[in-house]
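*Asks:* sequence and computational prediction follow.
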Amino acid sequence: MNPVWIITGKEIRDSLRNRWVLAATLLLAALALSLGFLGSAPTGAVKADPLTVTVVSLSSLSIFLIPLIAMLLSYDALIGEIERGTMALLLSYPISRAQVLAGKFAGHLIILTLATSAGYGLAGIALQLAGGGFDSGAWQPFLLLIAASVLLGAAFLAMGYLISAKVKERGTAAGTAIGVWLFFVVIFDMTLLGILAADTGQMITAPILETVLLFNPADIYRLLNLTGYENTAMYAGMAGLSGQLSLGRPVLLAAQLLWIAVPFAFAAGAFQKRQI
């Protein structure tokens with residue numbers, strides 16, 4: 001059997017044993033259900049499908065939760081085993097560092113995908129049943145939300161692996177991971193908002209703003225979900241923006257994939273050079 005799949009299977013079994021999948025699934029399902037049912041009152045007035053309103057709410061709140069789950073999965077993936085001495089034992093077998101890294105990343109990505117798909121998917125089914133019918137049109141933005149959530153989680157997984165490959169202690173990895181998470185989900189947008197308020201539209205034009213947003217995977221995730229479909233754009237108050245946005249869905253998807261590939265490539269390079 002391919003060593004990569006052996007490592008992948010081990011990571012999945014470890015996560016199942018530690019009940020990571022169950023905990024993350026229940027957390028995401030509870031979040032989606034609570035937002036869906038709390039938003040049921042306004043949906044009755046405007047005749048919006050509960051899934052559409054849930055997508056709008058989850059697009060903002062998942063930015064905090066999905067990256068945090070990804071960071072908790074990955075920040076000690078390498079440094080943890082190095083400190084315990086198990087990495088040296090693992091590399092004594094006929095397996096390369098690239099295969100170890102790829103197997104671990106694939107295992108954690110599968111765990112994140114299962115938790116996100118099951119948590120949001122079950123909540124979506126429950127909301128549709130509670131709403132009294134199945135609307136296939138409402139599932140399109142909801143499925144985009146799930147796919148975009150997986151990509152967002154993969155980007156932060158890659159950043160977590162980069163941190164784990166670079167730092168010398170597990171505690172340092174935890175602190176750095178929280179700092180990176182805080183920067184991308186809170187500080188980046190607050191700083192950008194302050195700059196925009198001070199600029200008052202004099203120097204920062206719409207194309208410049210769009211380019212700046214591509215430097216944050218959380219903002220790419222928000223744009224994908226809130227401007228991807230007419231209904232979600234309307235209920236998010238971004239219908240005008242979606243019509244003026246020059247960044248199409250392919251560009252946003254390509255940018256998000258770069259946020260996965262680039263940190264992972266740097267993590268692979270750092271892990272290859274690391275003394276174990």
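*Replies:* Here it is on my side, so go on.
*Asks:* okay, CA-based contacts and neighbour counts for the rest of this
*Replies:* Fine.
*Asks:* next, count neighbours for the nearest residue to residue 62 once chain neighbours are set aside.
*Replies:* Closest residue in space to residue 62, ignoring its immediate chain neighbours: residue 149 at 7.5 Å, by CA to CA, 6 or more residues apart in numbering. Neighbour count for residue 149, taken as other CA atoms under 10 Å: 28.
*Asks:* how much space separates residue 149 from residue 156?
*Replies:* Residue 149 sits 11 Å away from residue 156 when distances are taken as CA to CA, to the nearest Å.
*Asks:* one more: residue 175?
*Replies:* Remark: distance between residue 175 and residue 156 (CA to CA) = 15 Å.
*Asks:* repeat for residue 58
*Replies:* 18 Å.
*Asks:* and stretch 6-19, what's buried?
*Replies:* Residues of stretch 6-19 classed as buried by neighbour count (16 or more other CA atoms under 10 Å): 7, 8, 9, 11, 12, 15.
*Asks:* how far off centre is that stretch?
*Replies:* Relative to its chain's centre, stretch 6-19 lies at 20 Å (CA atoms, centre = their mean, to the nearest Å).
*Asks:* next one: stretch 183-200
*Replies:* Counting by CA atoms, centre = their mean, stretch 183-200 is centred 21 Å from the centre of its parent chain.
*Asks:* the more surrounded of residue 175 and residue 156?
*Replies:* More neighbours surround residue 156 than the other of residue 175 and residue 156, with 31 against 12 (other CA under 10 Å).
*Asks:* secondary structure element holding that one?
*Replies:* helix 136-166 (DSSP states H and E).
*Asks:* elements contacting the lengthiest helix in the chain?
*Replies:* Taking DSSP state H as the criterion, the chain has its longest helix at helix 97-131. Helix 97-131 sits against helix 3-17, helix 20-38, helix 50-74, helix 136-166, helix 249-273, with contacts defined as 3 or more CA pairs under 8 Å, 6 or more residues apart in numbering; DSSP states H and E.
*Asks:* tell me which residues of that helix are tucked away?
*Replies:* Buried-residue list, helix 97-131, by 16+ other CA under 10 Å: 97, 99-124, 126-128, 131.
*Asks:* re earlier: now the helix holding residue 156: mean pLDDT?
*Replies:* Here helix 136-166 scores 89 as its mean pLDDT.
*Asks:* could you do stretch 172-187 as well?
*Replies:* Average pLDDT, stretch 172-187: 95.
*Asks:* go on, stretch 73-91?
*Replies:* Mean pLDDT, computed over stretch 73-91, is 91.
*Asks:* kindly format the C-alpha coordinates of that stretch as PDB.
*Replies:* Output of stretch 73-91 as PDB, limited to C-alpha atoms (Å, rounded to 0.1, in the frame of the first residue of the first chain):
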ATOM      1  CA  LEU A  73      -6.100  20.000  13.900                       C
ATOM      2  CA  SER A  74      -2.800  21.100  12.400                       C
ATOM      3  CA  TYR A  75      -0.700  23.300  14.600                       C
ATOM      4  CA  ASP A  76       1.100  20.300  16.300                       C
ATOM      5  CA  ALA A  77       0.800  17.800  13.500                       C
ATOM      6  CA  LEU A  78       4.600  17.900  13.000                       C
ATOM      7  CA  ILE A  79       6.100  19.500  16.000                       C
ATOM      8  CA  GLY A  80       4.100  17.400  18.300                       C
ATOM      9  CA  GLU A  81       5.500  14.200  16.900                       C
ATOM     10  CA  ILE A  82       9.000  15.700  16.800                       C
ATOM     11  CA  GLU A  83       8.800  16.500  20.500                       C
ATOM     12  CA  ARG A  84       7.500  13.000  21.400                       C
ATOM     13  CA  GLY A  85      10.200  11.400  19.300                       C
ATOM     14  CA  THR A  86       7.700   9.500  17.100                       C
ATOM     15  CA  MET A  87       8.700  11.400  14.000                       C
ATOM     16  CA  ALA A  88      12.300  10.100  14.100                       C
ATOM     17  CA  LEU A  89      10.900   6.600  14.500                       C
ATOM     18  CA  LEU A  90       8.500   7.100  11.600                       C
ATOM     19  CA  LEU A  91      11.200   8.400   9.300                       C
END
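*Asks:* list the buried ones in that stretch?
*Replies:* Neighbour-count burial for stretch 73-91, counted by 16+ other CA under 10 Å, picks out 73, 74, 75, 76, 77, 78, 79, 80, 82, 87.
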